[in-house]
Structure formats: structure tokens, C-alpha cells
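**Q** Sequence first, predicted coordinates after that:
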Amino acid sequence: MSIDLRLHAAQRSKNLQSIAHQTTQIDLIAASGIASRSNRMGAAAFRTLEDQRFAPELIRLVSSAVIGKARSQRWRIKRRDELLAFTAAVGAFWLKPYCTHCEGRGVAVVGQLARDICPHCHGTGTRPLPTAKDIGLQDRVDDVRFQRYVREALLCLDGQINGYLSKTKAVLG
Ligand SMILES: [Zn+2]
């Protein structure tokens with residue numbers, strides 16, 4: 001099992017079954033704890049994938065990174081409230097990059113039965129990236145530029161989670 005699946009399982013586990021299993025999971029939790037000190041955003045991102053109640057903390061950490069990036073790269077999104085709305089939209093997409101109406105299946109399911117092609121994603125199961133219009137910035141930021149900001153923020157989140165998992169692996173040895 002890959003490190004991210006093992007760590008999700010260990011964080012979820014409330015009922016540790018064997019001593020050997022227990023030791024491994026405790027090692028993993030300890031290693032991830034050490035990694036989270038130097039990779040706070042990555043740790044928050046990882047936890048939030050498992051349990052969305054951690055989303056507010058993740059968004060707070062991502063906001064400061066996004067605001068820093070926006071200032072240093074002179075983004076056209078400058079106001080703090082706009083950057084916060086941007087972060088919330090990107091964070092929501094990052095957590096659920098698939099069509100939320102059909103859960104990425106592409107078909108509308110009623111009970112156990114797949115009925116029709118999902119009318120929201122037209123059967124693709126995907127969801128479009130957030131747009132400037134979604135957060136009311138269409139008059140000030142063109143689509144090409146906005147999509148570049150979105151991709152940078154998504155890459156930042158992916159990079160943080162990868163950094164956290166690599167560090168956890170390195171601590172485990
Ligand atoms: Zn759909």
C-alpha cells in the first residue's frame with residue numbers, strides 16, 4: 001500500500017487489531033506528526049482529504065500562501081477579500097475535482113440504478129475549474145490569467161501534500 005493510503009488508514013483506525021499492526025500504525029502516526037511540523041499546509045491538506053471538517057484550517061493556511069504569491073507575482077487579484085474568495089473556490093475544487101452532482105460517475109444514480117447521463121457534467125464526471133465569474137472578478141481579470149492563477153494555487157496544494165508525504169516517508173526511514 002502506498003504511504004498516503006497507509007496514513008489515511010492509520011488516521012482513521014480506532015480499533016487497532018494486532019500488536020504488529022498497531023506498532024506500524026503508531027510509527028506512521030508519529031512520523032506524520034514530525035513531518036507536519038515542517039509541512040503544516042501539507043498535513044492540513046492531507047487531513048482534509050480524509051475529513052472535510054478540517055477544511056477551514058486548510059483554507060486559512062492556503063490563504064496566506066496565496067496572498068504571498070499574489071503580492072510577489074503582482075496578480076491582478078489584489079484585495080484581501082477577493083484573494084480569500086479565490087482561495088475558497090480553488091480549495092473547494094481541489095477537495096472535489098469531480099462533478100459533485102454525480103460524484104464523478106457521469107450518470108445520475110437513483111437507489112442502486114444508474115438512470116440517465118448526469119445533466120450537470122453531461123456524462124464526463126468532471127467539473128470545470130473555477131472561473132473569474134464564479135467570484136465576481138470577470139470585469140477585472142481575464143480568463144487566461146485567472147486560469148493561470150488557479151493552476152498555480154492547485155500546484156501549490158499538490159506540492160505541499162507531496163512534501164508532507166515525502167517527509168513522513170523520510171522520517172520512517
Ligand atoms: Zn455529473
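**A** Nice, I can see it.
**Q** The longest helix seen in the chain - contacts with which helices or strands?
**A** Longest helix in the chain by number of residues (criterion: DSSP state H): helix 143-172. Other helices and strands packing on helix 143-172, by 3 or more Cβ pairs under 8 Å, 6 or more residues apart in numbering; DSSP states H and E, are helix 3-12, helix 19-38, helix 40-50, helix 55-72, helix 80-95. For glycine as for every other residue, the C-beta is placed from the backbone atoms N, C-alpha and C.
**Q** give me the number of residues near residue 50?
**A** By the criterion of other Cβ atoms under 10 Å, residue 50 has 14 neighbours.
**Q** What distance do you get for the nearest residue to residue 82 once chain neighbours are set aside to residue 66?
**A** Among residues not flanking residue 82 along the chain, residue 137 sits closest, at 6.4 Å (Cβ to Cβ, 6 or more residues apart in numbering). Between residue 137 and residue 66 the computed distance is 14 Å (Cβ to Cβ, to the nearest Å).
**Q** got it, and residue 145?
**A** Counting by Cβ to Cβ, the separation of residue 145 from residue 66 is 15 Å.
**Q** List phi and psi for the closest residue to residue 100 other than its chain neighbours.
**A** In space, and not counting its chain neighbours, residue 100 is closest to residue 127: 6.8 Å by Cβ to Cβ, 6+ apart. Main-chain dihedrals, residue 127, degrees, to the nearest 10: phi -130, psi 140.
**Q** tell me the contacts of residue 127?
**A** Shown in contact with residue 127 (Cβ atoms under 8 Å, 6 or more residues apart in numbering): 93, 96, 97, 98, 99, 100, 121.
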